[in-house]
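Trainee: only the shape, not the letters, is given here:
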């Protein structure tokens, strides 16, 4: 399976733009399977919109090396080429090691790497930068270089010549600094693809690749992917081909359709709750019928359990608060013992109130005995690892994930927690995962390959 990993020397170097430009250009030619290294919901939403095929996350810390291999092999099925967007700099992982870095993923999957280098203000020094990345870890195949922010044809020629004189790695693209393409961003990163995604942006990305990247050379590099021993089937696919299926994360189109399982889980999905890993949704679909609904617009659907993912409830606090009927329906369901799982934004919504930056308090669903206040300062960012005690949603043992939020949550003194944090901040005093009734809410986002068996069994037990 031809595949390439687009990495950068550092964050902000332009690898996201380059990766999406390649996805757009290849998608005009063939079926592209997109991926993202690390715990990211936003970039994959753009990958999915561009490729018409669900983007999957590859994270060696949260998923383990075996989990990354399994996800890659499955999601690559039916595609003609895989394009993987890296994270941060090529070798940036946890602490001083390479765990969870783009390099780690490249090594585990045998992927050739194309390195994006910002050459603004440098000429021959760019060759030293590239040499350092090539020599730093000989297990990583840095197979090509793309120069970004090239000042002029003469500037590009100087950099290209310097690299050619010192190294055997080819330059496969030169992007002028005038070709910068940007998407609007906010406190948690770029806007999601569904928020006013411009169709002309895809055409701009495609033009960028066609005009400034050597697509033939890049395809040649992609064909040098090393065999890791995992079979990837050509044709047939994994059920993620097609725009509708990729967007819905649901083989039944709108989440309805004929029942195939004995339980139904309602998944909140709208602009306020939009952070979901496709692999996790697929895991739920294997054992439950899923119905997607909007807390911003819909009444609570008939279901045996509910999942509230992360997102931006703080941007829609007034609208969510105004839907008091829906909030009461959720409280009643929780009090009746219906299993409910909320992550970060979902947890915030399940609390009693949300206080915005101006001090305005908005009543939320009121299931969890806590209130959340938004802050101007980042409160937590990074990977998490927790020991799990008995609860209705997550199996006992250990769970790895990640946290990223600009809020603080004040809980009742007698609140029960299910997670003791071995790594990460959590909600309070190294604890996370508030439990009330059969509801669990945490700042921790579960990994893409989250074990949903405990949640599924709780839903079945409630039905019985």
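Mentor: Received it, and whenever you're ready, just let me know what you need. All values reported here derive from a predicted model rather than from experimental measurement.

Trainee: could I get the buried residue list for the lengthiest helix in the chain?
Mentor: Secondary structure assigned by DSSP state H gives helix 60-76 as the longest helix of the chain. Using 16 or more other CB atoms under 10 Å as the test for burial, helix 60-76 gives 60-63, 67-69, 71-76. C-betas here are computed from N, CA, C, even on glycine.

Trainee: and which of those residues is nearest residue 320?
Mentor: residue 62 (28.7 Å; CB to CB).

Trainee: could you pull out the helices for the stretch 1-150 of the chain?
Mentor: Counting by DSSP state H, counting those that start in this stretch, the stretch 1-150 of the chain has helices at residues 15-27, 42-51, 60-76, 102-109, 125-136.

Trainee: same check, this time on the stretch 151-300 of the chain
Mentor: Counting by DSSP H, counting those that start in this stretch, the segments of the stretch 151-300 of the chain that form helices are 153-166, 199-212, 215-222, 243-248, 278-285.

Trainee: which residues sit in contact with the closest residue to residue 75 other than its chain neighbours?
Mentor: Nearest non-adjacent residue to residue 75, counting by CB to CB, 6 or more residues apart in numbering: residue 56, 4.6 Å away. By CB atoms under 8 Å, 6 or more residues apart in numbering, the residues touching residue 56 are 33, 34, 35, 36, 44, 71, 72, 75, 278, 279, 448.

Trainee: now those residues as CSV including distance to residue 293?
Mentor: Below are the contacts of residue 56 laid out as CSV (distance: CB to CB, whole Å):
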residue, distance to residue 293
33, 29
34, 27
35, 28
36, 26
44, 22
71, 27
72, 31
75, 26
278, 18
279, 21
448, 22
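
Trainee: report the buried residues of stretch 9-27.
Mentor: Quick answer for stretch 9-27 (16+ other CB under 10 Å): 9, 13-27.

Trainee: do stretch 27-34 as well
Mentor: Neighbour-count burial for stretch 27-34 flags 27, 31, 32, 33, 34 (criterion: 16+ other CB under 10 Å).

Trainee: show only the entries of these found in strands.
Mentor: 32, 33, 34 (DSSP state E).

Trainee: what's the closest of those residues to residue 226?
Mentor: residue 33 (17.2 Å).

Trainee: dump the residue contacts of residue 435.
Mentor: Counted by CB under 8 Å, 6+ apart, residue 435 has contacts 391, 392, 416, 417, 418.

Trainee: enumerate every residue touching residue 173.
Mentor: Residue 173 sits next to 18, 146, 147, 212, 213, 214, 218 when contact means CB under 8 Å, 6+ apart.

Trainee: how about residue 91, nearest residue that isn't a chain neighbour?
Mentor: In space, residue 91 is closest to residue 103, 5.0 Å off (CB to CB, 6+ apart).

Trainee: counting neighbours, what do you get for the one you found?
Mentor: Taking other CB atoms under 10 Å as the neighbour definition, residue 103 ends up with a count of 26.

Trainee: any idea which of the helices of the stretch 151-300 of the chain gets closest to residue 299?
Mentor: So among the helices of the stretch 151-300 of the chain, helix 243-248 is nearest, using CB to CB, at 20.2 Å.

Trainee: burial of residue 141, as a residue count?
Mentor: Neighbour count for residue 141, taken as other CB under 10 Å: 19.

Trainee: look up how far residue 380 lies from the residue nearest to it when sequence neighbours are not counted.
Mentor: Residue nearest to residue 141 in three dimensions, not counting chain neighbours: residue 112, with 4.9 Å by CB to CB, 6+ apart. For residue 112, the distance to residue 380 (CB to CB, to the nearest Å) stands at 35 Å.

Trainee: where do the helices sit along the stretch 301-450 of the chain?
Mentor: Counting by DSSP H, counting those that start in this stretch, the helices of the stretch 301-450 of the chain are 317-322, 324-335, 345-350.

Trainee: now residue 225. Nearest residue, chain neighbours left out?
Mentor: Take residue 225 and drop its neighbours on the chain: the residue closest to it by CB to CB, 6+ apart is residue 3, 4.5 Å away.
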